[in-house]
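> Mind folding the following:
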Amino acid sequence: MLTFQAIKSQIEAKLLHLLTFGGVGLVAGLVHAIIGIALVRIQILEPFFANIFAFSVAFWVSCFGHYRFTFKSNNSQKTASVRFFMTAMLGLLLSQASVYVFVYLIGISYELSLVIAFILVSINTYLISKYWVF
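Just a heads-up that it's a prediction; the model follows:
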């Protein structure tokens, strides 16, 4: 039978794990947003292509952070990176679909579409990363 202290410790560990995932994701998301918004605002790239470039840079921030800090993986870094790349490509498709639908079809701002995409991609990435990547 689990004691109250054991249950509390499990909850605290899970909360710390989710906060670490969120922290790494926040840093990667900020990298993504800053680069993407800057490229659009200074008119270097259209939102669709700026998002691809920004996502690519943020991938490496996210991969390293989740490997080292969130999941403290015992998998080889190469295996984890390849799996995380596949997960990120799924995330990129989801992100691109969100940007396309919200900016080009619905007509909302690129910035708001990023918020929606980040939420959708974060949920997807966490579940796949936890159960398959790391």
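
> for the record, mean pLDDT for stretch 101-114?
Stretch 101-114 shows a mean pLDDT of 92.

> how far away is residue 53 from residue 40?
Residue 53 sits 11 Å away from residue 40 when distances are taken as C-beta to C-beta, to the nearest Å. C-beta here means a position set from N, CA and C on the backbone, and glycine is covered the same way.

> ok, the two, which is more surrounded?
Legend: neighbour count by other C-beta atoms under 10 Å for residue 53 and residue 40, higher for residue 40 (20 against 15).

> what about the more buried one, which helix or strand?
Using DSSP states H and E, residue 40 falls within helix 4-41.

> Report the buried residues of that helix.
Applying a neighbour-count criterion of 16 or more other C-beta atoms under 10 Å, one finds 20-21, 24-25, 28-29, 31-33, 35-37, 39-40 buried in helix 4-41.

> right, and out of the residues you listed, which lies closest to residue 67?
Residue 67 has its nearest neighbour among those in residue 24, at 9.5 Å by C-beta to C-beta.

> Please name the nearest non-neighbouring residue to that closest one.
Take residue 24 and drop its neighbours on the chain: the residue closest to it by C-beta to C-beta, 6 or more residues apart in numbering is residue 65, 3.4 Å away.

> what sits against that neighbour?
Residues in contact with residue 65 (C-beta atoms under 8 Å, 6 or more residues apart in numbering) are 23, 24, 27, 28.

> what's the nearest residue to the last one if we skip its chain neighbours?
This points to residue 28. Sequence neighbours aside, residue 62 is the residue nearest to residue 28 in space, at 3.8 Å (criterion: C-beta to C-beta, 6+ apart).

> what does residue 71 give?
Closest residue to residue 71 apart from its sequence neighbours, by C-beta to C-beta, 6+ apart: residue 134 at 3.4 Å.

> Kindly report the same for residue 40.
Using C-beta to C-beta, 6+ apart and skipping the chain neighbours, the partner closest in space to residue 40 is residue 50 (4.9 Å).

> Spatially nearest residue to residue 48 (excluding sequence neighbours)?
Distances taken as C-beta to C-beta, 6+ apart put residue 99 closest to residue 48, at 6.2 Å, once the chain neighbours are dropped.
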